[in-house]
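S.K.: Pasting the sequence and the predicted coordinates here, then a few questions.
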Amino acid sequence: MGNDVLFETLLRLADNHLILGHRLSEWCGHAPMLEEDLAMPNIALDLIGQSRALYAYAAEIENQGRSEDDLAFLRLEKDYHNILMVERPNGDFGHTMLRQFLFSSFMVLFWERAQNSTDKVLSGIAGKAFKESQYHVRHTAEWIIRLGDGTEESHKRMTAATAALAPYIGELFEADAVDQSAISAGIIPRASDLRGAWETQVRSVYAEATLEPILDHQAQTGGRIGQHTEDMGFLLAQLQYVQRTYPNMTW
Amino acid sequence: MVTSEQQSAWDAAAAVLDPEVPAVTVADLGILRSVEMTGGRSVLAKVTPTYSGCPAVSAIEIAIDVALREAGFDPTIERVMSPPWTTDWVTTEGREKLRAYGIAPPVQASNSLRALFGDTVVACPRCASTDTTRVSEFGSTACKALYKCDACHEPFDYFKCI
Ligand SMILES: [Zn+2]
C-alpha cells in the first residue's frame, strides 16, 4: 500500500468533518433557543477540530508542501471527497439534528474500531473523536425523540426529514477501491460491517420518536470521487471566501 | 531521576493557568503531560488537548512556551493525541479548585457516556445538593455542560466527563 491510499483516506474523513462542521456553524446566532445556539457551534468545533488533526496529518503524509489550511481552503469542488449527506443544506432544526444523528451514530462505531487502526496517528485521533461523537449522538437522539414524538407539526417535519435524508444513508457504508485497500491494510474498519449495529441504534431511536424508519432507500453517491450536489459550490464559496480574497492570510 | 533543573522546569510550566477556567492550572487539569530536559537548557513539554476543537489549546501552548522561556529554558512544545485526555486526569486538588470556583467537577469514571441516556448525578457546587437538572449538554465552552440546582435554584457549569 502506498502513501496515496492513506492520504486519500485521511482526506475523505477530514472533508466529511470539515463540511459538516461548516454546515453546523451556519446555525450560530440562528438557533431556536440559546442552549442550541451553544450546542451546535460546540459540535461544529469538535468536528472542525477533528478535521484539523486529519488535515495536518494528511499534509504531512502527502509531503508536497501543502499545509493543513491549503487542504481545507484551497481545493476545487471536485477535489473535496466528502459524502453527500454532510453537504446537504441544513433545512429546519429537526433536519439538522437528524442528519447529525445519522452521521454521528455511524462515526461512533467507526471511531471505536479505528482506535485499533494500524496507523498510530489515526488511532490517536480516533480515541478523542470516539468520546466526542458519543456526546453528539446523545444530544441529537434526544431531539429526534422530542420532536418526532412531539406536536403534530414537529412530527410532520421529522417525517419529512427522514424522507429527505434517506437517499444519503447508503453512501456511509460504501467502499470503493481506495477504501478496500485501506481496510485490507487495517487502517480503517469496513463500513459495511458497522451497518447492523448502526441500524439497531437508529431503529430504536426512530421507534421511540414514533418515526417510520426509511433506511434502505436507493443511495445517492459520488462524493468520494468529487461528484457533488449543486449545493456544494455555494458552501465552498462561503468557506473559502477569506482565503481566496486574502491569500495566505493567517489569524 | 528528577533533577532540580527538571523540577524547576516542571514548576514553571505547571503554574500556567487555563485561559478559560483561570482557577485551575494546566497541571491540575492533566493537560500538561510531561516536561523533560533534552540537553543543556532545552526542554520538551508535552501537552494534550481536552477536546479536538478546543480553541484554547494554542493559547495554552504559547503560555507554557512563554513561562518556560521566562524561567530561562529553551522549550519545544509537542501536542500529543494519544492516549486521549480524560477528565479522570483532573487532580483531586484540581477538582476542589473547580468546585470552589463554582464549576461542578467531573464525576469520576468517564465511561458513563456509553449508555445513551444514562444521566450522571451532579452535585451543585454551591449547596452540594444532588437535586440538579441538566439544562444543556453543551455549555459556554467545549468542556462544560449547563446545569441548574433545584435546591438553591442557581444555574451552574459542570465540567463534563470525557
Ligand atoms: Zn444548589
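M.R.: Looks like it came in fine.

S.K.: show me the contacts for the residue minimising distance to the centre of chain B.
M.R.: With distances taken as CA atoms, centre = their mean, residue B:29 lies nearest the centre of chain B, 2.8 Å away. Contacts here follow CB atoms under 8 Å, 6 or more residues apart in numbering or on different chains; on that basis residue B:29 touches B:18, B:21, B:50, B:89-90, B:94. In short, each C-beta sits where N, CA and C put it, glycine included.

S.K.: Farthest pair within those?
M.R.: B:21 and B:89 (14.7 Å; CB to CB).

S.K.: Tell me which of these two has more neighbours.
M.R.: residue B:21 (21 against 17; other CB atoms under 10 Å in any protein chain shown).

S.K.: I'd assumed residue B:98 was in contact with that one.
M.R.: Yes - with contacts counted by CB atoms under 8 Å, residue B:21 reaches residue B:98, the gap being 7.1 Å.

S.K.: How about residue 126: what's its closest non-neighbour residue?
M.R.: In the absence of a named chain, this looks at chain A. Distance criterion CB to CB, 6 or more residues apart in numbering or on different chains; nearest residue to residue A:126, sequence neighbours excluded, is residue A:114 at 3.8 Å.

S.K.: wait, chain B
M.R.: residue B:154 (5.4 Å).

S.K.: What of residue A:144?
M.R.: That would be residue A:209: by CB to CB, 6+ apart, it lies 4.9 Å from residue A:144.

S.K.: Can you list the residue ranges for strands in the stretch 51-200 of chain A?
M.R.: Using DSSP state E, counting those that start in this stretch, no strands are found in the stretch 51-200 of chain A.

S.K.: count of neighbours near the residue nearest to residue A:144?
M.R.: For residue A:209, using other CB under 10 Å, the count is 25.

S.K.: from what I can see it touches residue A:140, true?
M.R.: No - look at residue A:209 against residue A:140 with CB under 8 Å: they stay out of range, at 11.2 Å.

S.K.: got the contact list for the closest residue in space to residue A:32 that isn't next to it in sequence?
M.R.: Closest residue to residue A:32 apart from its sequence neighbours, by CB to CB, 6+ apart: residue A:93 at 5.5 Å. Residue A:93 is in contact with A:27, A:31-32, A:36, A:143, counting by CB under 8 Å, 6+ apart.

S.K.: Next up, identify which helix or strand the residue in the stretch 1-150 of chain A that chain B sits nearest to is on.
M.R.: Residue nearest to chain B within the stretch 1-150 of chain A: residue A:49 (2.7 Å; CB to the nearest CB). Under the criterion of DSSP states H and E, residue A:49 resides in helix A:34-62.

S.K.: by contact count, what packs against that helix?
M.R.: Counting contacts by 3 or more CB pairs under 8 Å, 6 or more residues apart in numbering or on different chains; DSSP states H and E, helix A:34-62 is packed against helix A:3-25, helix A:68-73, helix A:93-114, helix A:120-148, strand B:132-136.

S.K.: By mean pLDDT, show me the worst of the ones you listed.
M.R.: Lowest mean pLDDT of the helices and strands packed on helix A:34-62: strand B:132-136, a mean of 89.

S.K.: Following it in sequence, what is the next regular element?
M.R.: Beyond strand B:132-136 toward the C-terminal end (DSSP H and E), the next one is strand B:144-149.

S.K.: contacts for that following strand?
M.R.: Contact partners of strand B:144-149, identified using CB under 8 Å, 6+ apart, comprise A:35, A:38, B:103-104, B:122, B:124, B:126-127, B:129, B:131-140, B:154-160.

S.K.: please redo it, this time with the cut-off set to 6 Å
M.R.: B:122, B:124, B:129, B:132-137, B:139, B:155-160 (CB atoms under 6 Å, 6 or more residues apart in numbering or on different chains).

S.K.: Just the local confidence number for the residue nearest to residue B:126, please.
M.R.: Value for residue B:154, per-residue pLDDT: 94.

S.K.: what's the neighbour count on it?
M.R.: 15.

S.K.: measure it to residue B:136 for me?
M.R.: 16 Å (CB to CB, to the nearest Å).

S.K.: Any regions of chain B where pLDDT drops low?
M.R.: B:1, B:108-119 (pLDDT under 70).

S.K.: Using the record's assignment, carve it into domains.
M.R.: B:4-79, B:90-159 (automatic domain parsing).

S.K.: Could you work out which of the ones you listed reaches nearest to residue A:20?
M.R.: Judging the domains of chain B by CB to CB, what sits closest to residue A:20 is domain B:4-79, at 12.6 Å.

S.K.: ok, and for the helix holding residue A:49, which residues are buried?
M.R.: Buried residues in helix A:34-62, counting neighbours by 16 or more other CB atoms under 10 Å in any protein chain shown, are found at A:36-59, A:61-62.

S.K.: what's the answer for stretch B:31-43, then?
M.R.: Applying 16+ other CB under 10 Å to stretch B:31-43 flags B:31-33, B:35, B:43 as buried.

S.K.: In which helix or strand does the residue of chain B positioned farthest from its centre reside?
M.R.: Outermost residue of chain B with respect to the C-alpha centroid, by CA atoms, centre = their mean, is residue B:40; its distance is 30.1 Å. Taking DSSP H and E as the definition, one finds residue B:40 inside no helix or strand.

S.K.: Apart from its neighbours in sequence, what residue is nearest it?
M.R.: residue B:74 (7.3 Å).

S.K.: who's the one you found bridged to?
M.R.: residue B:42 (DSSP bridges).

S.K.: In terms of secondary structure, what does the lengthiest helix in chain B contact?
M.R.: The residue-count maximum for a helix in chain B (DSSP state H) belongs to helix B:56-70. In terms of contacts (3 or more CB pairs under 6 Å, 6 or more residues apart in numbering or on different chains; DSSP states H and E), helix B:56-70 is packed against helix B:4-14, strand B:74-79.

S.K.: Fine by me, we can end here.
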